[in-house]
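Q: this is a predicted model, with the sequence first.
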Amino acid sequence: MDHWNPAKALTVDMGLRIQWNRVTGTAPPAPRIGAAWAPKALGGLKLSAGFGVYYDSATLSLLALSEEQSSLTTWYAPDGTPVGSPVQSIYTVNTRDLRTPRYTLASVSAEKALPWNFFGRVDLTSRQGSRGFAFDQMAVSPVLNEYFADNSRYTSYRAAEVALRRTFRSKYQWFASYTRRNRRRMRWCSTPLRTLAESAIRRAAGVGCAEPDPDVGMGAGEQDLVP
């Protein structure tokens, strides 16, 4: 980490992190930079911004799926008789085909002292993820569903926050904030899930498809995996 003051009212921090990922066998660089500027001419206004690259690690739940026993699913008619043959579901994880999930985080904020001892702050945050781990349905037959781990998951998070606080008698603080956010998780695949029952079970394993909704705006909530 390097701390630099190119001007009296400007501060810049820069850094680089490299972390070995044993699962994917890679050590990608993760640069970070942040800056703060508070000139006297702006009357106590402080502006700051930052950008960084981060990498996620593989979880044990992902790796353990390929080591667990395969499941057999049987469907029944309303009268209790079986419908078709049992369907076997297996999960395969080949670490040599996986890449380390990557995230970029960017933020911009403004702080200023206001009249009557109030202090205001505005924050804008964007977090974009790519190459997230998921399972893609590769083999489909009347008796077998086979899933392979890949890097097909993408995430997007944007937020805007306005905060206001005031300190009374040098020790009591009043604080209020309002946040609008938009978060999406999506992945692309061409093979739909077979049934809604399977969809509910596989959501936890990251199996399924989702497409972005262009009508979802700030504060509208989250787009998750859908069958």
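A: That came through, no problem.
Q: SS state for the residue most central in space within the chain?
A: Geometric centre of the chain, nearest residue: Thr155, 4.7 Å, by CA atoms, centre = their mean. When classified by DSSP: H, G, I helix; E, B strand; the rest coil, Thr155 comes out as strand.
Q: show me the contacts for it.
A: Thr155 sits next to 103, 127-129, 132, 183-186 when contact means CB atoms under 8 Å, 6 or more residues apart in numbering. Heads up, the C-betas are built off the backbone N, CA and C, glycines and all.
Q: quick check: of those residues, which lies closest to Thr11?
A: The shortest approach to Thr11 among the contacts of Thr155 belongs to Arg127, at 23.4 Å (CB to CB).
Q: helices or strands up against the helix or strand the closest one falls within?
A: Taking DSSP states H and E as the criterion, Arg127 maps to strand 118-141. Judged by 3 or more CB pairs under 8 Å, 6 or more residues apart in numbering; DSSP states H and E, strand 118-141 is in contact with strand 102-114, strand 144-168.
Q: what do you get if the cut-off is 10 Å, keeping everything else the same?
A: strand 46-55, helix 60-64, strand 82-92, strand 102-114, strand 144-168, strand 172-187, helix 196-202 (3 or more CB pairs under 10 Å, 6 or more residues apart in numbering; DSSP states H and E).
Q: quick check: next helix or strand after the shortest one?
A: Proceeding N to C from helix 60-64, the next assigned helix or strand is strand 71-76, under DSSP H and E.
Q: the inter-axis angle of that next one versus strand 144-168?
A: 100 degrees (axes from the mean of the first three to the mean of the last three CA atoms, to 10 degrees).
Q: average model confidence for strand 71-76?
A: Here strand 71-76 scores 86 as its mean pLDDT.
Q: kindly report the same for stretch 120-135.
A: Stretch 120-135 comes out at a mean pLDDT of 90.
Q: just stretch 88-107 next, same as before
A: Per-residue pLDDT over stretch 88-107 has a mean of 87.
Q: I figured Val53 hits Arg102, correct?
A: Yes. Using CB atoms under 10 Å, Val53 is in contact with Arg102, at 6.8 Å.
Q: so which helix or strand of this structure has the lowest pLDDT on average?
A: The weakest-scoring helix or strand in the chain, judged by mean pLDDT, DSSP states H and E, is strand 221-223 (a mean of 32).
Q: which ones are touching the residue of the chain positioned farthest from its centre?
A: The centre of the chain is farthest from one residue, Asp79, which by CA atoms, centre = their mean lies 44.2 Å away. Contacts of Asp79 were listed using CB atoms under 10 Å, 6 or more residues apart in numbering, and none were found.
Q: just checking: what are the partner strands of the strand or helix carrying Val12?
A: Following DSSP H and E, one finds Val12 within strand 10-18. Strand 10-18 sits in its sheet next to strand 2-7 (antiparallel), strand 29-37 (antiparallel), going by DSSP bridges.
Q: contacts for the shortest one?
A: What that stands for is strand 2-7. Residues outside strand 2-7 that contact it (CB under 10 Å, 6+ apart) are 10-16, 33, 35, 37, 39.
Q: any chance of TSV for those residues, columns neighbour count?
A: As requested, the contacts of strand 2-7 are arranged in TSV below (neighbours: other CB atoms under 10 Å):
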residue	neighbour count
Leu10	14
Thr11	16
Val12	15
Asp13	14
Met14	13
Gly15	13
Leu16	12
Ile33	14
Ala35	16
Trp37	15
Pro39	14
